[in-house]
Structure formats: structure tokens, C-alpha cells
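Undergrad: A predicted structure for the sequence below; I have some questions about it.
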Amino acid sequence: MKESDGLLRVLFDRVHYLDFLQSTPAKNKRDIIDRFETPRSTVDRDIRKLVVNGLVERTSDGYRTTLAGRLASSEYRLQRANLAGIQEVVQLLGPLSVNAPLSAEFLRGARAIESTSSEPNRPITHVLELFERSRQIRVASPFFLRSYVKTVHDQVTNESKSTEMVLTSGVLDQLITQYEDRTTDLLDSDLFSLYEADSLPYGLYIVTTNVWVECGLVISNDTGIKGVIHNDTSAAVRWAESRFQSIRSQSTTRN
């Protein structure tokens with residue numbers, strides 16, 4: 001067993017001690033027993049484990065969390081949050097390739113909106129409502145959605161909102177063929193930038209308003225849109241922006 005595995009076992013049922021002793025050093029074990037209403041034998045065993053592993057130390061002021069303990073507690077909670085994020089959206093990840101570029105930092109704090117038989121358009125409705133509230137839209141899409149076309153056209157030509165779109169070749173052909181006039185309007189606008197990509201593993205959007213930024217993935221399967229995974233944390237947005245820049249840099253400019 002790796003030492004890190006052993007540390008995880010120590011932290012599993014004892015991380016709450018580290019949080020407590022970081023903010024309030026305990027003069028003796030009685031303070032800890034009273035705080036958690038835990039039997040003395042349990043506290044004795046737990047504190048001994050933490051001390052032996054360098055996560056808690058006994059000083060003249062009493063027991064307190066060490067620097068290693070503070071860092072271990074922070075990392076442990078971060079990893080638990082990452083796992084919770086994956087669990088929240090696990091059903092939507094099914095259609096993606098095992099090698100699809102995705103990060104736990106995007107999933108941490110994410111929420112899922114799934115298509116249902118009664119509300120098949122619910123995920124896309126969420127995205128379109130975001131578009132209408134935006135001042136800037138960035139989208140990468142491997143599927144053709146008519147609702148995207150009208151909304152983006154209105155946002156650019158009527159609302160003067162900046163928009164960047166990366167589309168796969170097949171989607172771009174559909175756009176030009178079925179919406180030639182609207183496509184021409186968009187391409188003539190300085191506010192619209194269009195790029196062509198060979199392939200994309202999922203849809204990606206970043207919507208910026210005057211107050212906040214939300215990013216998300218649009219997941220599809222053989223039957224259509226399966227759902228949206230959305231997030232507005234700074235870590236998720238940083239990942240999404242980096243991913244969009246990477247997609248754009250590997251795409252061909254079309255206007």
C-alpha cells in the first residue's frame with residue numbers, strides 16, 4: 001500500500017478533527033471529546049493516528065493542526081468535491097469517448113439538465129435562455145440545431161452581441177445550405193467569427209453577461225441531445241475558456 005493510500009485512510013473518518021484544531025487549538029483531549037461528543041477511547045485513537053502521521057501536533061498551547069494537516073485536509077475535501085461533481089453528472093458522460101478531453105475541475109460544482117420524454121428540449125432551452133441574457137457568446141458544436149441559428153442571428157444582428165462559433169464541417173454545410181441569408185448576415189458582421197473544425201467530442205458554450213459567466217457541455221447520443229452539464233465556478237470557466245481556445249486554434253477561419 002502506498003503511503004498516500006495510508007494517509008487517505010487516516011483522513012477518511014478524522015478530517016473533522018483537523019478543521020476543528022486548525023481554527024481552535026484544544027488545550028486537552030477533553031475539549032475535543034466535548035466538541036464532538038465522541039467517546040474518549042475513540043478520540044485517543046484518532047488523535048494518536050493524526051499525530052503519528054504528522055497531521056496534528058501537541059504544543060504548549062495544546063493540540064493543533066500542522067501545516068501538513070491543513071494541506072491534507074484541503075486536498076482531501078477538494079478530491080471529495082471532484083468525486084461529487086462526477087457523481088452528479090455520471091449519467092450524461094456515458095456517450096462520450098473514454099479519451100474525451102474533460103477535467104474534474106469543470107465537473108466540480110456542476111449541475112446536469114437531462115432530456116426527458118416529457119421535456120426533450122429542456123437542456124437546449126436552458127442554453128438559449130442564457131444566449132438571450134448574454135453580451136458575449138462562444139460556442140463549439142458538432143450538431144446542427146435550428147434554434148441556435150435564429151437565436152444567434154438575432155443576438156448578433158439585432159442585439160449587437162459578440163459571438164464566436166466553431167462548427168464541424170457537416171454542421172457548417174447544413175447552416176449554409178438551409179440558412180444562406182442568415183449565414184451571409186452573420187458573416188458580414190464584425191461581431192461574428194466563424195471557424196470550421198474537423199470533429200468535436202461534445203458541444204461547448206461559454207456565455208458572458210455583465211454580471212457572471214456560465215459555461216457548459218452539450219452531450220448528444222444517437223437519438224439527439226441527451227443533456228447539458230453547466231457550471232459557473234471560476235475554475236470551470238477557466239477550463240472551458242482554455243478548451244475553447246484550443247479548439248479554435250486547431251480550426252479553420254471561415255470569415
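TA: That came through, no problem. Numbering: from 1, shown residues only.
Undergrad: so where do the helices sit in the protein?
TA: Ranges of helices in the chain, per DSSP state H, are 3-12, 15-23, 29-36, 40-52, 67-89, 104-107, 122-132, 146-157, 169-178, 180-188, 234-249.
Undergrad: Looking at those, which one is packed in the most?
TA: Counting by mean count of other C-beta atoms under 10 Å, helix 104-107 has the highest mean neighbour count of the helices of the chain, with a mean of 21. Placement of C-beta: from N, CA and C, glycine included.
Undergrad: can I get the CA coordinates of the least confident helix or strand in the chain by mean pLDDT in PDB?
TA: In the chain, no helix or strand scores lower on mean pLDDT, DSSP states H and E than helix 3-12, which sits at a mean of 76. Extracted in PDB, the C-alpha atoms of helix 3-12 (Å, rounded to 0.1, in the frame of the first residue of the first chain):
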ATOM      1  CA  GLU A   3       1.900   6.000   1.900                       C
ATOM      2  CA  SER A   4      -0.600   8.300   0.200                       C
ATOM      3  CA  ASP A   5      -3.200   5.500   0.400                       C
ATOM      4  CA  GLY A   6      -2.500   5.100   4.100                       C
ATOM      5  CA  LEU A   7      -2.900   8.900   4.600                       C
ATOM      6  CA  LEU A   8      -6.300   8.700   2.900                       C
ATOM      7  CA  ARG A   9      -7.400   6.000   5.300                       C
ATOM      8  CA  VAL A  10      -6.300   8.200   8.200                       C
ATOM      9  CA  LEU A  11      -8.200  11.200   6.900                       C
ATOM     10  CA  PHE A  12     -11.400   9.400   6.000                       C
END
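Undergrad: Mind giving me the packing neighbours of that helix?
TA: Packing partners of helix 3-12 (3 or more C-beta pairs under 8 Å, 6 or more residues apart in numbering; DSSP states H and E): helix 67-89.
Undergrad: Averaged pLDDT, the helix it packs on. What do you get?
TA: Helix 67-89 shows a mean pLDDT of 87.
Undergrad: Quick one: list the elements packing against that helix.
TA: Helix 67-89 packs on helix 3-12, helix 15-23, helix 104-107, strand 111-114, going by 3+ C-beta pairs under 8 Å, 6+ apart.
Undergrad: okay, those in TSV with distance to Thr125 next?
TA: Rendered in TSV, the data for the helices and strands packed on helix 67-89 read as follows (distance: least, C-beta to C-beta, whole Å):
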stretch	distance to Thr125
helix 3-12	41
helix 15-23	40
helix 104-107	22
strand 111-114	9
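Undergrad: For Glu241, which of these is the nearest?
TA: helix 104-107 (10.8 Å; C-beta to C-beta).
Undergrad: average pLDDT across the closest one?
TA: On average, helix 104-107 scores 93.
Undergrad: ok so, going back, indicate which one of the helices of the chain is closest to Val218.
TA: helix 122-132 (6.8 Å).
Undergrad: Give me the helices and strands touching the closest one, please.
TA: So helix 122-132, by 3+ C-beta pairs under 8 Å, 6+ apart, packs with strand 111-114, helix 146-157, strand 203-208, strand 213-221, strand 224-231.
Undergrad: among the ones you listed, which gets the worst mean confidence?
TA: helix 146-157 (a mean of 91).
Undergrad: who touches that helix?
TA: By C-beta atoms under 8 Å, 6 or more residues apart in numbering, the residues outside helix 146-157 that reach it are 124, 128, 131-132, 134, 137, 139, 141, 161, 163, 165, 175, 178-179, 182, 185-186, 189, 191-192.
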